[in-house]
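**Q** Next come a sequence and a model predicted from it.
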Amino acid sequence: MLCAEVAVAQNPPSELTSLQNQLKSLQNQVKFLEIALDTIWVIFTGCLVFFMNAGFGMLEAGLCRQKNAANILTKNLIVFALSTAAYWAVGFAFMFGNGNPFIGLSGFYLKSNDVFDSLKDIGIPLNAKFFFQLVLAGTAATIVSGAVAERIKFAAFCLFSLLLVAIIYPITGHWIWGGGWLGGGWLEWLKFWDFAGSTVVHSVGGGSALVGVYLLGPRKGKYIDGVSYGLSGHNLSLAILGCFILWLGWFGFNPGSTMELDPKAISHIVLTTNTAACAGGIAAAIATWLNPWDLNSKPDPTMIINGVLSGLVAITASCRFVTIDSAIAIGLLAGIIVVFSVEFWDRMEIDDPVGAISVHLVGGVWGTLALGLFSEGSEGAGALYSDGPVAGLFRGGGIDSIRQLSIQLLGIVAVGLSTVVLSLLAWLFVKSILSSSLRVTEKAEREGLDFHEHRMSAYSGFLFKADVKESALKDPPRKN
């Protein structure tokens, strides 16, 4: 018994050390599992955003004429490949690399883990961070494709996409997400909030598209003697399929921007995102159905598509910071705004075949302002978030909310002006490289870009009504 007493008295220190080692090992395993789950989540949502490229392709092809379908689909295919090359080489470094308040100057070709201080608080590997940001950058470039459809040279679009993802998008993105002057890094009091990219992604893409459309001019036959003529798309089924794919992709776009597997935040963001989309579609349907200037008006499916997408764009900035009730209000107003915006640009003879400018630029501006109006605030028991904007103007934020709203407006103007100027320079640079017009010839536009730009058709072997009429006019009458 005495020997046992001595043995017991001597064992506890070693057992305590063993327990401490086991506890430390368990903590490391839990930490590793947490990082692994966060990484899987970010990559999964990134893949959903990547699939939005298919949605853009279907939507744009369906809303344009069949003679240009192969061209539009090819642009949506090549643009992500070009975006990957440009963002990997310089874009990611310009956006998130250490530098100054206006641009990042380190981390080119994704060479170092130690030069991305703006991302250091995110625990997942750098490659996962890069992949998610890459698919967002690709989205900004894809927005331009639909707006300039049916008359731009394929080479011109490719060159501009490289410049957009390599330079234009990363510069303004650095200001907000890369620790720049609008993100609170340089001027701590100047904190512009944009959770998933209403301004960073969508307004930049829409602004670049606006400049391109202005320089290209309208399609032949769209405006004659001041009258706007509809150049209807050839396949509404494809367009609606594209809308559903984009809607699905947004369940990666917004929740994935948490960059971690936070169940409460993710579930809330999914609901606000979906609610705003539904409200936008309903509002657009009602706005086109109950048109007081047209007694025979009917719900327009193409406008309903744009209403859904506008609601999604608008909620992107504030999805983490607003309640479901506020998401309904944001989506309803987005759906109404997009209808009037499409009509406004049409009166200005800005020919946007798919409504990309109205959805992404105008919807993005509204969504960014809406954050300053509807955000819940991070104070009080049961707050939606601990790190975020103050309570909005419509949520009793008072003076602080007016200040936040002013910062949101400043960010919109700063990013908008920069995007317009940089895009104008980029489009003119592309034009100088090609030593000609950005636009295809009149003959190519009349006969279709599919044959003149790619020497093939999206519907080889199919006969459309227009083809039958043309062949009837060309072919001599047959005698039996």
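**A** Okay, I see it.

**Q** From now on I want contacts and neighbour counts done on CA atoms only, so please keep to that.
**A** OK.

**Q** so where's the stretch 151-300 of the chain uncertain?
**A** The stretch 151-300 of the chain contains residues with pLDDT under 70 at 185-188.

**Q** At which residues are the helices of it located?
**A** 154-163, 169-176, 204-216, 236-253, 263-289 (DSSP state H, counting those that start in this stretch).

**Q** packing partners for the third one?
**A** Counting by 3 or more CA pairs under 8 Å, 6 or more residues apart in numbering; DSSP states H and E, the packing neighbours recorded for helix 204-216 are helix 126-147, helix 398-434.

**Q** Can you give the contact residues for stretch 349-358?
**A** 59-60, 63-64, 143-144, 146-149, 206-207, 209-210, 213-214, 217-219, 222-223, 228, 306, 310, 338, 341-342, 345-346 (CA atoms under 8 Å, 6 or more residues apart in numbering).

**Q** Of those residues, grab the buried ones for ChimeraX.
**A** With 16 or more other CA atoms under 10 Å as the burial test, the buried ones among these are selected in ChimeraX as follows:
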select :59,60,63,64,143,144,146,147,148,149,206,207,209,210,213,217,218,219,222,223,306,310,338,341,342,345,346
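
**Q** looking at the helices of the stretch 151-300 of the chain, which is buried most?
**A** Among the helices of the stretch 151-300 of the chain, the stretch with the highest mean neighbour count (mean count of other CA atoms under 10 Å) is helix 169-176, at a mean of 29.

**Q** Could you name the helices and strands sitting against it?
**A** Taking 3+ CA pairs under 8 Å, 6+ apart as the contact cut, helix 169-176 packs with helix 92-96, helix 398-434.

**Q** Can you name the residues in contact with the shortest one?
**A** What that stands for is helix 92-96. 103-110, 116-119, 130, 134, 166-167, 170-174, 177-179.

**Q** Now list the buried members of these.
**A** Buried, going by 16+ other CA under 10 Å: 103-108, 110, 116, 118-119, 130, 134, 166-167, 170-174, 177-179, out of the contacts of helix 92-96.

**Q** Could you pick out the longest helix of the protein?
**A** helix 2-63 (DSSP state H).

**Q** how about low-confidence regions in the stretch 351-480 of the chain?
**A** Per-residue confidence for the stretch 351-480 of the chain (pLDDT under 70) gives these ranges: 381, 463-480.

**Q** do that again at 90, thanks
**A** 378-384, 386-387, 396-397, 435-437, 460-480 (pLDDT under 90).

**Q** Go through the helices and strands packed on helix 169-176 and pick out the most buried.
**A** Most buried of these, by mean neighbour count (mean count of other CA under 10 Å): helix 92-96, with a mean of 30.

**Q** For it, C-alpha coordinates in PDB please.
**A** Listed in PDB are the C-alpha atoms of helix 92-96, where the atom choice follows Å, rounded to 0.1, in the frame of the first residue of the first chain:
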ATOM      1  CA  PHE A  92      -5.800  40.200 -57.700                       C
ATOM      2  CA  ALA A  93      -2.600  42.000 -56.700                       C
ATOM      3  CA  PHE A  94      -4.000  45.400 -57.700                       C
ATOM      4  CA  MET A  95      -7.100  44.700 -55.700                       C
ATOM      5  CA  PHE A  96      -5.900  43.000 -52.500                       C
END
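
**Q** can you give me the offset of that helix from its chain's centre?
**A** With CA atoms, centre = their mean, to the nearest Å as the basis, the distance from the averaged C-alpha position of helix 92-96 to the chain average is 18 Å.

**Q** what is the rounded mean pLDDT of that helix?
**A** Mean pLDDT, computed over helix 92-96, is 97.

**Q** thinking again about what came up before, now for the longest helix of the chain, which elements pack on it?
**A** Secondary elements touching helix 2-63 (3+ CA pairs under 8 Å, 6+ apart): helix 69-86, helix 126-147, helix 236-253.

**Q** Dump the ones you listed to TSV, plus distance to V42.
**A** Output for the helices and strands packed on helix 2-63, formatted as TSV (distance: least, CA to CA, whole Å):
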stretch	distance to V42
helix 69-86	17
helix 126-147	7
helix 236-253	9
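
**Q** who wins for proximity to I328 among those?
**A** helix 236-253 (16.0 Å; CA to CA).

**Q** from the middle of its chain, how far away would that closest one be?
**A** Worked out by CA atoms, centre = their mean, helix 236-253 lies 13 Å from the chain centre.

**Q** That helix relative to helix 2-63, how many degrees between them?
**A** Angle of helix 236-253 versus helix 2-63, following axes from the mean of the first three to the mean of the last three CA atoms, to 10 degrees, is 150 degrees.

**Q** Which strands and helices lie in contact with helix 236-253?
**A** Looks like helix 236-253 contacts helix 2-63, helix 263-289, helix 301-315 (3+ CA pairs under 8 Å, 6+ apart).

**Q** got a list of contacts for that helix?
**A** Residues from elsewhere that reach helix 236-253 (CA under 8 Å, 6+ apart): 44-52, 54-63, 136, 196, 270, 273, 277, 305, 308-309, 312.

**Q** Of those, keep whichever come out buried.
**A** So, by 16+ other CA under 10 Å, the buried ones in the contacts of helix 236-253 are 45-52, 54-63, 136, 196, 270, 273, 277, 305, 308-309, 312.

**Q** which ones are touching the nearest residue to E150 once chain neighbours are set aside?
**A** Excluding the flanking residues, the one nearest E150 by CA to CA, 6 or more residues apart in numbering is N68, at 6.1 Å. Residues counted as contacts of N68 (CA under 8 Å, 6+ apart) are A61, E150, G448, L449, D450.

**Q** Scan those and report the most crowded one.
**A** A61 (31 neighbours; other CA atoms under 10 Å).

**Q** For the closest residue to that residue other than its chain neighbours, list the residues it contacts.
**A** Spatial nearest neighbour of A61, chain neighbours left out: A69 (5.1 Å); criterion: CA to CA, 6+ apart. Residues counted as contacts of A69 (CA under 8 Å, 6+ apart) are A61, G62, D450, S457, A458.

**Q** still on that earlier bit, now tabulate the helices and strands packed on helix 169-176 in CSV and tack on distance to G256.
**A** Formatted as CSV, those follow (distance: least, CA to CA, whole Å):
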stretch, distance to G256
helix 92-96, 18
helix 398-434, 23
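
**Q** and of these, who's closest to P389?
**A** When the helices and strands packed on helix 169-176 are compared by CA to CA, helix 398-434 sits nearest P389, at 7.6 Å.

**Q** Roughly how far does V211 sit from G178?
**A** Distance, V211 to G178, using CA to CA, to the nearest Å: 25 Å.

**Q** Next one: the closest residue to E379 other than its chain neighbours relative to E376, how far apart?
**A** Of all residues not flanking E379 in the chain, S386 sits nearest, at 7.3 Å (CA to CA, 6+ apart). Distance of S386 to E376, given as CA to CA: 11 Å.

**Q** who has more neighbours, the two?
**A** Set S386 next to E376 and count neighbours by other CA under 10 Å: E376 wins out with 27 against 12.

**Q** Wait, a strand at the more buried one?
**A** No - assessed by DSSP: H, G, I helix; E, B strand; the rest coil, E376 does not belong to a strand; its assignment is coil.

**Q** For it, which non-adjacent residue is closest in space?
**A** If the residues on either side of it in the chain are set aside, E376 comes closest to A391, at 4.7 Å by CA to CA, 6+ apart.

**Q** now swap in V338 and tell me
**A** S358 (5.6 Å).
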